[in-house]
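Peer 1: here's my sequence, what's the structure:
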Amino acid sequence: MEAKNSISLARLCSTLAAVLDVPAPEKAEPPLDWAVQLLKEQAGGPIQRALIYNPDAVAQWLFHKNRLMFQPVLEQTQLVLPLRAVMPSVTPVCFGTMYTGAQPEVHGIQAYEKPVIAIDSLFDALVRAGKKVALVAVEGSSMAIIYNNRPIDYFYLPYDKEVEEKALELIDKDQYDVIVAYTQEYDDVMHRTGVDSLLSMQALSNQIGIFQRLCRKAAESWKDKTSLVAFCPDHGVHQQEDVHGNHGLDIPEDLNIQHFLGVRRAVK
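Peer 2: Residues are numbered from 1 along each chain as shown. Here you go, the predicted model:
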């Protein structure tokens, strides 16, 4: 039986903050110092731009079963972090932890609910450090609600295609230090048709394609700046006995995720 990953998702937030030379949010768990060191060595200096892509429900087991499909992600990154999502392994709870660095009982979302998180977050920490931040997400999604009321720019769009188009536009204009983009097609499709149906695999491939195109645009538009790119899902998935996929359980399939991070040095 597959074991649960040992490193909590809660440690990503302070890790990202440290890589970006920003003090971590107040309640964040400690960073992964070794990961910070590796990424900073790869950068060779301050990181000036960051793209954090959040595809919903991309489990670690999906990567192991479909390695060739993930080749575009591997081509853009250098570091893979096996992480353990938090319980219950549902979207608002996990994204609450991802961007506060705090466990659910600390950030306050402990069920599939979407209140605005009150505690300090990475978005707040970035703004305090003078960074200009954009959040691009599917309207009505958890990421379009739980981090509202921050002094950042919000772009909420009908679905994944529009999110991609807006994120590409923002990268090209190069007016933001950090861009966070959230899409959800795989999660939507797997709930209806199963975790590895043909439709679900196409949806997963679509999300990987979005990341690849965003990274390529970043390489072009940010070529004179050292940049970080990250592929960071919230939780995994499992197959039910019927046709539907699901998540939310305390099992490796739902908890084990992998985050992929990469640094590209500025071209002088």
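
Peer 1: for this protein, which strand is longest?
Peer 2: For the chain, the longest strand by residue count, based on DSSP state E, is strand 256-264.

Peer 1: that one - contacts with which helices or strands?
Peer 2: Counting contacts by 3 or more C-beta pairs under 8 Å, 6 or more residues apart in numbering; DSSP states H and E, strand 256-264 packs against helix 33-43, helix 60-65, helix 71-76, strand 79-84, helix 198-221, strand 227-231. No exception for glycine: its C-beta is placed from N, CA and C like everyone else's.

Peer 1: how about a cut-off of 7 Å?
Peer 2: helix 33-43, helix 60-65, strand 79-84, strand 227-231 (3 or more C-beta pairs under 7 Å, 6 or more residues apart in numbering; DSSP states H and E).

Peer 1: which of these sits most buried?
Peer 2: Sort these by mean neighbour count, taking mean count of other C-beta atoms under 10 Å, and strand 227-231 sits at the top with a mean of 24.

Peer 1: so for stretch 77-93, mean pLDDT?
Peer 2: Averaged across stretch 77-93, pLDDT comes to 98.

Peer 1: and it, C-alpha only, in CSV?
Peer 2: Taking C-alpha atoms only, stretch 77-93 is exported to CSV below (Å, rounded to 0.1, in the frame of the first residue of the first chain):
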residue,chain,number,x,y,z
THR,A,77,11.4,22.9,-13.6
GLN,A,78,14.3,21.5,-11.6
LEU,A,79,12.8,20.5,-8.3
VAL,A,80,10.0,18.1,-7.3
LEU,A,81,8.5,18.3,-3.8
PRO,A,82,6.4,15.3,-2.7
LEU,A,83,3.9,16.9,-0.3
ARG,A,84,1.0,15.7,1.9
ALA,A,85,-2.2,17.7,1.6
VAL,A,86,-4.3,18.5,4.7
MET,A,87,-7.6,17.1,5.8
PRO,A,88,-10.2,17.2,4.7
SER,A,89,-8.5,17.0,1.3
VAL,A,90,-10.9,19.4,-0.5
THR,A,91,-10.1,22.5,-2.4
PRO,A,92,-10.7,25.5,0.0
VAL,A,93,-9.1,23.7,2.9
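
Peer 1: coming back round to it: could you save the helices and strands packed on strand 256-264 as CSV and add columns showing distance to residue 54?
Peer 2: Formatted as CSV, the helices and strands packed on strand 256-264 follow (distance: least, C-beta to C-beta, whole Å):
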stretch, distance to residue 54
helix 33-43, 18
helix 60-65, 15
strand 79-84, 13
strand 227-231, 9
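
Peer 1: and residue 19, which of these is closest to it?
Peer 2: helix 33-43 (4.9 Å; C-beta to C-beta).

Peer 1: now the angle from the next helix or strand after that closest one to strand 227-231?
Peer 2: Going down the chain from helix 33-43, the next helix or strand is strand 49-55, by DSSP states H and E. Between strand 49-55 and strand 227-231, the angle comes out at 10 degrees (axes from the mean of the first three to the mean of the last three C-alpha atoms, to 10 degrees).

Peer 1: now strand 49-55: mean pLDDT?
Peer 2: 99.
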